[in-house]
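Q: predicted model and sequence below, questions to follow.
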Amino acid sequence: MPSAVPAILVGVFASFGGFLFGYDTGTISGVIAMPAWLIQFGSINTDPTTMAVSPYAISSSIEALVVSILSLGEFSGALLGAYLADAYGRRLGLIVSCLVFCVGVAFQTAAWELAMFVVGRIVAGLGVGLISAIVPMYQSECSPKWIRGAVVSCYQWTITIGLLIASVVNNATSKIENASAYRIPIGIQIAFGVFLGAGMIFMPESPRWYIKKGDKERAIKSLAYLNGTDINDEIVINEYQTIYDNFEHEKTLGNVSYADCFKQGKSKMLYRTMMGIWLQAFQQLTGVNFIFYYGTTFFQRSGISNAFLISVITNVVNVVSTLPGIWGVEKIGRRRLLLIGAAGMCICEFIVAIVAAAVGASNASAQIVLIVFVCIYIFFFASTWGPIAWVIVGEIYPLNVRSKAMSMATASNWFWNFIIGLITPFMVNSGAGNANLGSNVFFIWGTTCAMCFVFVYFFVPETKGLSLEQIDELIENTTPRESTKYIKNLKENSGADVERILKD
C-alpha cells in the first residue's frame, strides 16, 4: 500500500538546511558582543556611553560589515542555486552547497584578522544562499500535496532551532576569556554541514528534475520511493503522467530564461515572479532579524541585564511558536495566516515603540514591555510569515521556470537581509554618524508590517490543498482575493471535499 512516510521523511531531513542558516545567523549576534572576539578584532572603546559595558568595541561600520556581509554571499548563492539545481540536480546541488558552507566556516574559525573573518563570512553565506534556494524547491517537488505546506514549514522551524541552539552555545561560551569563546560556536558548524551533506547522499533526487531531464525510468523510481510503493503502482504511473503532461505543455512555450520570468502572458509569470520577490522582501522588512542579528547588543544598550539570557528566551519563543504555523498552514491556510501575522506584528511593534518613546527605554516598566511584546511579536512572525513565505515561493512557479524564479525570490530575501543588517547599526546606535533611534526603530518595523498586510490582501492567493500543477491552474483562472472562494465553490458544487474534487 502506498505511503507518504518516505516523502515526508525526505522533506523533513532536507529541512535541516534551515538549521545551518539559523545557527549561522544566531551565532553572529552573540559573537560580536563577546569580549574575546572584541579584543581580537576590535579596538579600545572610547564611547563614554558604552565604555562601562564593554572595554573593547567595533565601530558601527565594522559591525554592519561583519553582520551583513554574510547576506551578500547568500544573495549570490541564491542566484547561483538556480544553475546548480538545474544542471546537476537538487540533491547533488545540496551536497555541493554544504561543502562550500564548511569551507567558509573553516575560514572564520581559523581567522586571526578581520579580513580573513569577513572572507569566511562571504563564503559561508554563499553556501547558505545555495541551500536556501534549493531546499524549499526540493521539499516542494518531493512532498505530497496534502502535507506539502507543513513539510516546507519545517525548513523555517529548523531555522528557529538553529537560532536557539546558537544562542544557547553563545551563552555557554561567552565567559571564556580566550579565542575559544567564539571559535567553539563558529567551528561546530562544520559538523552540521557534514551531517546534511553526507545525509543527502542517501536521499532520492526530485522526480520532477528527472522528468525535466527526460529520464523517465529514474523519475518513476523516485516517485515509487517517495510513495513507498513499487514502480508499477497505478498511483505512481498516474502521478508521473500528470507531471510529464504539465511539463510537456510548458515546453511548448519554448526555452525559458530569466527574462521569461518577467513576461506576463497566460501563466501570469510577471505577477508570480514579483509576488515571490516581494513576499520574501516583506518577510525581512518585518524587522525580525533586527532581533536575531542585533538583539544581544540592543538589549545591552537598553539597560537590560543578562542580554544573552534574554536572547535565549526570544529564541525559545521562536522555536515553539513555529509549531502552530506548521499545523495551521494546512488547516487555516497560507493567505489568512499571513494577514493575521502582519496585523499582530504591526500592533506589537507600535506598542513597543510608543511605550519606549513615552517613558524611555531605560525605564524598568518599559523594559518589561519591550521584552514581553518582542516575544509576542516573534510569536506572530514564527507562526505565520516565518514558514509561510518559504512555503508559497516553493509552490507558485511552473516547473520550467521554478529554479530561476525561486532563485530570484530567495535572492530578494538575502538582499533585504543584507540591507537591514547593513543600516541597522547606523539607525539604532548612538554616537557620531548614527541616528540613535534606539527603540524608536520599532515605528519603522510597525509601518512595514502594515505594508505587509496590504500586500497580502491584494496580491497573495490561497494555495492550500492543491498540487503544484493545480496551483498553476488556480493562478491562471482567478485572483488573490477570489482564490479562497474559487476553491470553496468547487467544494460546494460537487458536494465533496476539495481534495477529492481536484484529484486527478
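A: Happy to help now that I have it.
Q: quick one: mean pLDDT over stretch 423-430.
A: Predicted confidence along stretch 423-430 averages 79 (mean pLDDT).
Q: same question but for stretch 372-382, I mixed them up
A: 93.
Q: what about that stretch, distance to the chain center?
A: Taking the mean of its C-alpha atoms, stretch 372-382 sits 17 Å from the chain's own mean (C-alpha atoms, centre = their mean, to the nearest Å).
Q: what comes up buried for it?
A: Judged by neighbour count using 16 or more other C-beta atoms under 10 Å, the buried positions of stretch 372-382 are 373, 374, 375, 376, 377, 378, 379, 380, 381, 382. Using the backbone N, CA and C atoms, a C-beta is placed for each residue, glycine as well.
Q: over to stretch 236-251?
A: Neighbour-count burial for stretch 236-251 flags 236, 239, 240, 243, 244, 246, 247, 250 (criterion: 16+ other C-beta under 10 Å).
Q: hmm, back to that, of the buried residues of stretch 372-382, closest to residue 340?
A: residue 380 (7.5 Å; C-beta to C-beta).
Q: what segments of the stretch 351-500 of the chain are helices?
A: 364-380, 386-393, 402-428, 441-459, 468-477, 480-494, 498-501 (DSSP state H, counting those that start in this stretch).
Q: what's the local residue count around residue 134?
A: Neighbour count for residue 134, taken as other C-beta atoms under 10 Å: 31.
Q: element containing it?
A: Using DSSP states H and E, residue 134 sits in helix 114-142.
Q: between helix 114-142 and the helix or strand containing residue 10, find me the angle.
A: Residue 10 belongs to helix 5-14 when assigned by DSSP H and E. On the basis of axes from the mean of the first three to the mean of the last three C-alpha atoms, to 10 degrees, helix 5-14 is oriented at 170 degrees to helix 114-142.
Q: the helix or strand hosting residue 24 packs against which elements?
A: Taking DSSP H and E as the criterion, residue 24 maps to helix 16-31. If contacts are counted by 3 or more C-beta pairs under 8 Å, 6 or more residues apart in numbering; DSSP states H and E, helix 16-31 sits against helix 60-88, helix 90-110, helix 114-142, helix 148-173, helix 180-187, helix 189-200, helix 288-301, helix 307-331.
Q: and the angle for that helix with helix 189-200?
A: Between helix 16-31 and helix 189-200, the angle comes out at 180 degrees (the same axes, to 10 degrees).
Q: could you point out which element follows helix 16-31?
A: Next along from helix 16-31, by DSSP H and E: helix 35-41.
Q: residue contacts, residue 171?
A: By C-beta atoms under 8 Å, 6 or more residues apart in numbering, the residues touching residue 171 are 30, 308, 309, 311, 312.
Q: also residue 203?
A: If a contact means C-beta under 8 Å, 6+ apart, then residue 203 has 10, 13, 14, 91 as its contacts.
Q: any idea how far residue 181 is from residue 90?
A: As judged by C-beta to C-beta, to the nearest Å, residue 90 and residue 181 stand 37 Å apart.
Q: quick one: which of these two has more around it?
A: Taking neighbours as other C-beta under 10 Å, residue 90 and residue 181 compare with residue 90 leading, 27 against 22.
Q: quick one: pLDDT of the more buried one?
A: Looking at residue 90, the pLDDT reads 94.
Q: pretty sure it sits against residue 131.
A: No. Residue 90 is beyond contact range of residue 131, at 11.0 Å (criterion: C-beta atoms under 8 Å).
Q: on that earlier part again, list just the nearest of the buried residues of stretch 236-251 to residue 141.
A: Closest approach to residue 141 among the buried residues of stretch 236-251 (C-beta to C-beta): residue 243, at 9.2 Å.
Q: if we can go back for a sec, pick the one among the contacts of residue 203 closest to residue 329.
A: Nearest to residue 329 among the contacts of residue 203, with distances taken as C-beta to C-beta, is residue 14, at 17.2 Å.
Q: contacting residues around that closest one?
A: Neighbour list for residue 14: 94, 135, 138, 139, 142, 155, 200, 203 [criterion: C-beta under 8 Å, 6+ apart].
Q: distance of the last one from residue 376?
A: It stands for residue 203. Counting by C-beta to C-beta, the separation of residue 203 from residue 376 is 38 Å.
Q: do the second one as well
A: Residue 135 sits 29 Å away from residue 376 when distances are taken as C-beta to C-beta.
Q: kindly report the same for the fifth one.
A: As for residue 142, its distance to residue 376 is 35 Å (criterion: C-beta to C-beta).
Q: that older thread, export the contacts of residue 14 to CSV and append columns for pLDDT.
A: CSV is the format used below for the contacts of residue 14 (pLDDT from 0 to 100):
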residue, pLDDT
94, 96
135, 93
138, 94
139, 93
142, 91
155, 90
200, 96
203, 95
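Q: which among the residues you listed end up buried?
A: Buried subset of those (neighbour count, 16+ other C-beta under 10 Å): 94, 135, 138, 139, 142, 155, 200, 203.
Q: and the fifth one, what does it touch?
A: The reference is to residue 142. Going by C-beta under 8 Å, 6+ apart, the list of residues near residue 142 reads 7, 10, 11, 14, 204, 206, 207, 226.
Q: centre of the chain to the helix holding residue 10, how far?
A: Relative to the chain's own centre, helix 5-14 is displaced by 18 Å; criterion: C-alpha atoms, centre = their mean.
Q: circling back to that earlier point, how about TSV for the helices of the stretch 351-500 of the chain, with distance to residue 37 added?
A: What follows is the helices of the stretch 351-500 of the chain, written out as TSV (distance: least, C-beta to C-beta, whole Å):
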stretch	distance to residue 37
helix 364-380	25
helix 386-393	28
helix 402-428	16
helix 441-459	24
helix 468-477	45
helix 480-494	46
helix 498-501	52
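Q: out of the ones you listed, which comes closest to residue 265?
A: The nearest among those, by C-beta to C-beta, is helix 468-477 at 9.7 Å.
Q: which strands and helices sit next to the closest one?
A: Secondary-structure packing of helix 468-477 (3+ C-beta pairs under 8 Å, 6+ apart): helix 234-251, helix 480-494.
Q: least confident of those helices, on average?
A: helix 480-494 (a mean of 75).
Q: sorry, back to before: among the contacts of residue 142, who's most crowded?
A: Most neighbours among those, by other C-beta under 10 Å: residue 14, with 30 neighbours.
Q: if I look at that one, how far off is residue 277?
A: Separation of residue 14 from residue 277 (C-beta to C-beta) stands at 23 Å.
Q: next, the closest residue to residue 444 other than its chain neighbours: phi, psi?
A: Among residues not flanking residue 444 along the chain, residue 287 sits closest, at 7.2 Å (C-beta to C-beta, 6 or more residues apart in numbering). When quoted as degrees, to the nearest 10, the phi and psi of residue 287 stand at phi 90, psi 10.
Q: over to residue 44?
A: Torsion angles at residue 44 (phi, psi; degrees, to the nearest 10) stand at phi -60, psi 130.
Q: okay, and the helix or strand of the protein with the least pLDDT?
A: Within the chain, no helix or strand scores below helix 498-501, which has a mean of 44 by mean pLDDT, DSSP states H and E.
Q: ok, residue 194 touching residue 105?
A: No. Using C-beta under 8 Å, residue 194 makes no contact with residue 105, being 10.4 Å away.
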